[in-house]
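K.L.:
Here's a sequence, model it:
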Amino acid sequence: MRYLSILLIFATCLVYSCRTSTTSSRDSQVKIIFDTDLGPDYDDVGALTILHAMADSGKAEILGTLASNKNDLVVPSIEIINTYFNRPGLPLGAPKSAGVSLSSSQHWADSIVARYPHKISSTLEAPDAVLVYRKILSSQPDKSVTIVTVGFLTNLANLLKSPGDKYSDLNGLQLVSRKVKRLVSMAGSFPQGKEFNVFMDSVSSKYVYENWPCEVIFTGFEIGKEIHTGLRLISSPVQNNPVKDVFRISIPMSEEDRNGRMSWDETAAIIAVYGPQRFFNLVRGRIIVNTDGSNSWENDPNGKQYYVTWKMPVKELTKFIEDRMMHVPKPPAP
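P.N.:
Below is the predicted model of the structure:
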């Protein structure tokens, strides 16, 4: 009888330990919404790959993958990459308001859309990004979500302006204040300059950065332009990989990419999952978006915004990023 009691206690403890370990692992995952203009450049593909690699390793949970670019092939391309990494059901969305529409000049998007499986045939078919944001955020714990934006700020401006709805009585500003922990934004040039993501929808950029209620970390143009990735990926033996195909098609088309593609968006993905401290120093203050789409910076010891400066050597950070871009998913369970 005593022996059976001891076994029962041991089994109970083992089950509790497993449950606690699983819960702890889930709690430690960074909850991420990825917002991308994927198309006019292809470092977005590298960033999304990193997030899937981090999700496979248990470090991140991808809650949604949204397009800020209205071009027809953007959402199908995102879905293809999600499907390749065995997450075909991730929520997708795109702007229903006025917005930017830009294609991939290297024709990588139409190439992978023609080759790989997807259900959505056009970005127009995707749900309204604002509604997707509101649905996801309303279901998450308070101060738990990291938003990674590597494109235009169209969706986030629309989100902040949104009224309460069936998902939450809170308006957009209130919902973001309650649910979002951090915004990581590949945008701007620091301490000043004119950068593509800010410039292309400068009205939305200005509105978001002036009204965003919680922490923002910027990784600027000057950071990603020093990091060149993709050559190891395209020389790898892996086959039927849409990420490899994107870089294989695009890199040879530009002399500036002879050492690999500049890697702006990948830095945002790394910061979102790991935090900035391992890789970068931080400058605290606030961004100033000018009416012409340029930006400057104002230092403020009490500011809620930061831009990153170099800490880890470029070569070391390049390897860290590209190692994760080489990730290949495990085959799905039968």
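
K.L.:
Count the neighbours of Ser189 for me.
P.N.:
22 (other Cβ atoms under 10 Å). All C-beta atoms are positioned from the backbone trio N, CA, C, and that covers glycine.

K.L.:
Roughly how far does it sit from Trp264?
P.N.:
According to Cβ to Cβ, to the nearest Å, Ser189 and Trp264 sit 11 Å apart.

K.L.:
Which secondary structure element is home to Ile32?
P.N.:
Assigned by DSSP states H and E, Ile32 falls within strand 30-36.

K.L.:
rewinding a little: joint contacts of Ser189 and Trp264?
P.N.:
Counting by Cβ atoms under 8 Å, 6 or more residues apart in numbering, the contacts common to Ser189 and Trp264 are Phe221.

K.L.:
Report the rounded mean pLDDT for stretch 51-61.
P.N.:
The average of the pLDDT scores along stretch 51-61 is 97.

K.L.:
After the strand holding Ile32, which helix or strand is next? Please name it.
P.N.:
Next along from strand 30-36, by DSSP H and E: helix 43-56.

K.L.:
picking up where we left off before, pull out the buried positions in the strand holding Ile32.
P.N.:
Within strand 30-36, the residues scored as buried using 16 or more other Cβ atoms under 10 Å are Val30, Lys31, Ile32, Ile33, Phe34, Asp35, Thr36.

K.L.:
cool, stretch 125-141 as well?
P.N.:
For stretch 125-141, by 16+ other Cβ under 10 Å, it's 126, 128-138, 140.

K.L.:
for Val208, helix, strand, or coil?
P.N.:
helix (DSSP: H, G, I helix; E, B strand; the rest coil).

K.L.:
still on that earlier bit, which of the buried residues of strand 30-36 sits closest to Ser103?
P.N.:
Set against Ser103, the nearest of the buried residues of strand 30-36 by Cβ to Cβ is Thr36 (14.4 Å).

K.L.:
Enumerate every residue touching the closest one.
P.N.:
Thr36 sits in contact with 44, 47-48, 65-69, 74, 78, 149-151, 265, where contact means Cβ under 8 Å, 6+ apart.
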